[in-house]
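Enquirer: here you go, sequence then predicted model.
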Amino acid sequence: MRRLLAAGLLLASQLLPAAGVVHEYQLDNGLKLIVKEDHRAPVVISQVWYKVGASYEHDGITGVSHVLEHMMFKGTDAHPAGEFSRIISENGGSENAFTSKDYTAYFQKLEKSRLPISFELEADRMRNLNLQDEEFQKEIKVVMEERRLRTEDKPTALTYEQFGATAFISSSVRIPTIGWMNDLENMQLDDLQRWYERWYAPNNAIVVVVGDVEPDEVFKLAKKYFVSLKPEVIMPPKPRIEPPQKGRRDITVRAPAEVPYTIMGYKAPVLATAGERWEPYALEVLANIMDGGDSSRFTRDLVRGSQVASSAGAGYDLYDRQAGLFLLDGTPAGSHSVAELQEALFRQVRQLQDEPVTEAELSRVKTTVVANAVYELDSAFYQAMKIGQLEAVGLDWRLADEYVERINAVTAAQVQAVAKKYLVEEALTVARLDPLPMETGRQPSANSSGGAHGH
Amino acid sequence: MVTSITKSLQGLTAAVLLSWLFVVPAASAMPAIQHWVTDNGVRVYFVAAPELPMVNINVTFAAGSARDDGHAGLANMTSTLLDMGAAGLSADEIASRAESLGAELATGSARDMAWITLRSLSDAAYLQPALKLLADVINRPDFNEKDFARERERTLVAIRRSEQSPATVAEYTFFSSVYGDHPYAPRPGGTIESVSALQLDRIKAFYKRYYVANNAVFSIIGDLDRKAAGQLVEQVIAQLPAGKRAAALQSVPVLTKAQEQRVYHPSTQTHVRMGAPGMHRGDPDYFALYVGNHVLGGGGLVSRLFEEVREKRGLSYSVNSYFSPMEQNGPYLFSLQTRNDQLDESLLVMRETLQDFVEKGPTKKELIASKKNITGGFPLRIASNSSILDYLTVIGFYDLPLDYLEVFNDRVMAVTRQQIIDAFQRRVSPDTMATIIVGGDS
């Protein structure tokens, strides 16, 4: 095992720099450009990241970042509604956008010679979006449909949303990215206009390009298209640091569902907020010991061993902008209750606090991290994502390259230490989904016919 | 037999593309597919990709739920149990060994096929023990009673959870409605009743019948040469009995009448699935139907359905149509979801859009735009090892020609408006489609 791991590390350290040379540039207007070469295929990924998302929002306008993301496809004076997508499509591209707590990003995947098309269109909508009420009235309906699809009609997502808003009282981590339905219903075009003017500027954006490109050529192109855009005075969001939690919080969500579910979270630091740099990496290893594949403890002990769980997981994201949660969740197996599953999860936590993890477990996590660093290179899009995510939350993209090394430095004692320090009841929030009867059934309609088959 | 094919896309219908702002450059990255058949009958498809120190493998068998033969969930459970105990190793041991090597080992199944995939570093110190695990899982699954009981229980919970999702209910109801007595109709995962009734003996017999060399396709891409690939394949499947290839599935009857089914679900949205049996892999109308549907509902953020339903009226977040070509005619499926009280309007718009397209086909402009998207985006489709592996699997499993990728763009460019109109009028009948409506009260 140790020999294999050493070989893997050697492999990764030899391979990674050669596979991905990263170049960083800045334009005079503050726009940051990061280019990573990947010459395996004649394609290019182009992403524009804005430092704005749900965690920048406040009560009353929740969801505004995401609605604005939708409206970014609704045209400028130079390119009216729908033209952006038509041009990208006719150039063989695929495109979309996504919004999270900490960022809003737009991307195109193109054959490599089409990069100027992406730059021209993205530069145009960075400052020249033409927000019109007619388009807004239709698009806000689409976003409400999206909320129904993703949250209202999904009992686990509904539980998660209520859970998040319970775990945090003041921190904007509590705001659901899609926005509360009532805020969507009362959103005004003017909310979007102000949000756009406040955050969409070259000095609040990062352009990430990964693909079969020459970095200096990309820089030249970026200058050509983006350099004339005026910067804004960007007022960073207020810190809104969560006051210390003073005891466990429990909520129940009652919704039509077939199977129960529980999600629990402990307040935990992230890389950007941690006093000790190693702690987030130790939390990352801890999450992997619990739920990092089919040989992790939850699957081994809870799904296959005691069979109290049908599924069980752990989650932690060290790259968030604000301190967040170390999550545990699961669905009990048929004959077990949510309470039994919760107790089993707590026992797992106590065990990790009382005894150090084994060398074999630690070694498995580390080997997986090395292997994943190689596998990730198969996706140019994923490589761009990693750079953009880090930069958008104010971290350095170089942290992605450090990841393997940092994880490998984590000791069993450190994993035990973070389990003891952060997985404490005072900082715990627990939610359970209590299924209401579904009352589903068939309503044969007038023109229904049973087996209308023939040749 | 070794067939090695390397051509390039040079000169790709340049005349047609001259009007572009940028002309498609000669694609240099067309994967060279090598194909051979092993002594025991496994069809192998291999692409050398020395750029990254890793190997991706997909071993497929014609052992999907279409072979369940009245025991819905049988193929799925067989596939699930493969890595839950093999060659005397427990599920925990298999998982722990794989993950200690950084290897990703997984099994899965759908209607036509079942598969076992492995991604490993190509360094022999990792790859060799990972291949040993892959061979154990394929050749020597234990099918223990204890693992079976547990996985059956988990499958039952998964089935109940799927009942929570109106989209999933709509999809299952669609298949059952459109496919009637055809083996594509039942849920691949089975029902509470059918999974509860599964027997381990039947699973073992299913494995014995279908997990055989003549019923297997072995796809590989990675950092190894032809010789090493040959050895790798033998190492994994040389002991697999030759057996017999699964018989061809029965053809799918066309629908002769419109049908509509409403299923109540306590949701705020109503999910619509509308369609009929569509086309199969290698279908003579494949390119006309594929390109035509790209215009109608398959083009992502740019299609007629997207424009009419979402952009003009804000009725649905996602709306699309697509063909799923399978061994026999897979579904041609239209989907949207909308607030319960907007169902009638949404349905009307979707039906009118389809009706109009079937009558008149795409405009010249639309057809050119779709061809540009499909052909111009070709390099993206073969940009990663995992996407090439998917193509190898489809080419191998469905006996598509080895030059499928090379001629793909030419075939797309050759499609005419008239061919699309003709194909849609022969193959797509809006009057005899099934419409499934799952949702709550408005």
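Expert: In hand now; what should we look at?
Enquirer: how about stretch A:125-132 and chain B, touching?
Expert: No: using Cβ under 8 Å from any Cβ of the partner chain, stretch A:125-132 never reaches chain B; the gap is at least 13.4 Å. The C-beta positions use only the backbone N, C-alpha and C, and glycine is treated the same way.
Enquirer: buried residues in that stretch?
Expert: Burial within stretch A:125-132, assessed by neighbour count using 16 or more other Cβ atoms under 10 Å in any protein chain shown, is assigned to A:125-127, A:129, A:131.
Enquirer: against B:D69, how distant is B:P129?
Expert: Using Cβ to Cβ, to the nearest Å, B:P129 is found at 37 Å from B:D69.
Enquirer: meant to ask about A:T166, not that
Expert: When A:T166 is compared with B:D69 (using Cβ to Cβ), they lie 50 Å apart.
Enquirer: more neighbours: those two, which one.
Expert: A:T166 (17 against 12; other Cβ atoms under 10 Å in any protein chain shown).
Enquirer: surely that one is in contact with A:I251?
Expert: Yes: A:T166 sits in contact with A:I251 when judged by Cβ atoms under 8 Å, with a separation of 5.1 Å.
Enquirer: any shared contact partners between these two?
Expert: Common neighbours of A:T166 and A:I251, counting by Cβ atoms under 8 Å, 6 or more residues apart in numbering or on different chains, are A:429, A:431.
Enquirer: ok now do residue 119, which residues does it touch?
Expert: In the absence of a named chain, chain A is used. A:F119 is in contact with A:46, A:207, A:221-222, A:224-226, counting by Cβ under 8 Å, 6+ apart.
Enquirer: chain B, not that one
Expert: Neighbour list for B:R119: A:375, B:54-57, B:103-104, B:386 [criterion: Cβ under 8 Å, 6+ apart].
Enquirer: 10 Å instead?
Expert: A:371, A:374-375, A:378, B:54-58, B:102-106, B:130, B:222, B:385-386, B:389 (Cβ atoms under 10 Å, 6 or more residues apart in numbering or on different chains).
Enquirer: A:Y375 now?
Expert: Going by Cβ under 10 Å, 6+ apart, A:Y375 touches A:368, A:382, B:52, B:54, B:56, B:102, B:104, B:119-121, B:385-386.
Enquirer: again with B:V319
Expert: Contact criterion Cβ under 10 Å, 6+ apart gives A:145, B:272, B:297, B:303, B:305-311, B:334-338, B:346, B:349-350, B:353 as the residues in contact with B:V319.
Enquirer: one more pass at 6 Å, please.
Expert: If a contact means Cβ atoms under 6 Å, 6 or more residues apart in numbering or on different chains, then B:V319 has B:305-306, B:309-310, B:336 as its contacts.
Enquirer: of the residues you listed, which are in range of chain A?
Expert: Filtering these for proximity to chain A by Cβ under 6 Å from any Cβ of the partner chain leaves B:R310.
Enquirer: can you name the two of the contacts of B:V319 that sit furthest apart?
Expert: Across the contacts of B:V319, the two members that end up farthest from each other (Cβ to Cβ) are B:F306 and B:L336, 10.1 Å apart.
Enquirer: show me the strands in the stretch 301-442 of chain B, by range?
Expert: In the stretch 301-442 of chain B, the strands defined using DSSP state E, counting those that start in this stretch lie at B:319-323, B:331-339, B:434-439.
Enquirer: just the buried residues of stretch A:125-132 now: which is nearest A:P260?
Expert: Minimum distance to A:P260 across the buried residues of stretch A:125-132 is 43.8 Å, recorded for A:L131 (Cβ to Cβ).
Enquirer: all strands of the stretch 1-150 of chain A, in order?
Expert: Listed in chain order, the strands of the stretch 1-150 of chain A (DSSP E, counting those that start in this stretch) span residues A:22-26, A:32-37, A:43-50, A:94-99, A:104-111.
Enquirer: JSON lines for these, including distance to B:A276?
Expert: Output for the strands of the stretch 1-150 of chain A, formatted as JSON lines (distance: least, Cβ to Cβ, whole Å):
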{"stretch": "strand A:22-26", "distance to B:A276": "50"}
{"stretch": "strand A:32-37", "distance to B:A276": "46"}
{"stretch": "strand A:43-50", "distance to B:A276": "36"}
{"stretch": "strand A:94-99", "distance to B:A276": "28"}
{"stretch": "strand A:104-111", "distance to B:A276": "32"}
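Enquirer: for the residue nearest the centre of chain A, give me the pLDDT.
Expert: By Cα atoms, centre = their mean, the mean C-alpha position of chain A lies nearest to A:S100, the distance being 6.0 Å. We note a pLDDT of 97 for A:S100 in this prediction.
Enquirer: next, the nearest residue to it once chain neighbours are set aside: phi, psi?
Expert: Excluding the flanking residues, the one nearest A:S100 by Cβ to Cβ, 6 or more residues apart in numbering or on different chains is A:G53, at 5.2 Å. Reported as degrees, to the nearest 10, the phi and psi values for A:G53 are phi -170, psi -170.
Enquirer: so what's the residue count around B:Q250?
Expert: 12.
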